[in-house]
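> Sequence and computational prediction follow.
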Amino acid sequence: MIEIPTIIENDRDVLKALDEVKKKISNALALYLGNFGPEGPTTLLAEKFDGPVMVVAAAEDTGRISSMDGDAYADC
């Protein structure tokens, strides 16, 4: 596992993070979505990455597996 130092908060961070990933010679990408993170720029990174991408989302600890209070977790 390789961790990159850039935190993606806006569109400018996407290209910086993508460059860091390419320099590390990564062939797969796992993205962590924090509970209040910007999903738009993170989605752009996933779209621009040339390989498989796994997105992991955080959810509040409500004692339930899913909730309707706007967590990053979505019922499928």
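Happy to help now that I have it. Residues are numbered from 1 along each chain as shown.
> Now do the contacts for the nearest residue to residue 20 once chain neighbours are set aside.
Using CB to CB, 6 or more residues apart in numbering and skipping residues adjacent in sequence, the residue nearest residue 20 is residue 4, 4.2 Å away. In this view, the C-beta of every residue, glycine as well, is placed from N, C-alpha and C. Residues in contact with residue 4 (CB atoms under 8 Å, 6 or more residues apart in numbering) are 17, 20, 21, 24.
> okay, now the first one: neighbour count?
Other residues near residue 17 number 23, with proximity taken as other CB atoms under 10 Å.
> where does the residue lying closest to residue 40 once chain neighbours are set aside sit relative to residue 1, distance-wise?
Spatial nearest neighbour of residue 40, chain neighbours left out: residue 11 (7.9 Å); criterion: CB to CB, 6+ apart. From residue 11 over to residue 1 the distance is 26 Å, taken as CB to CB, to the nearest Å.
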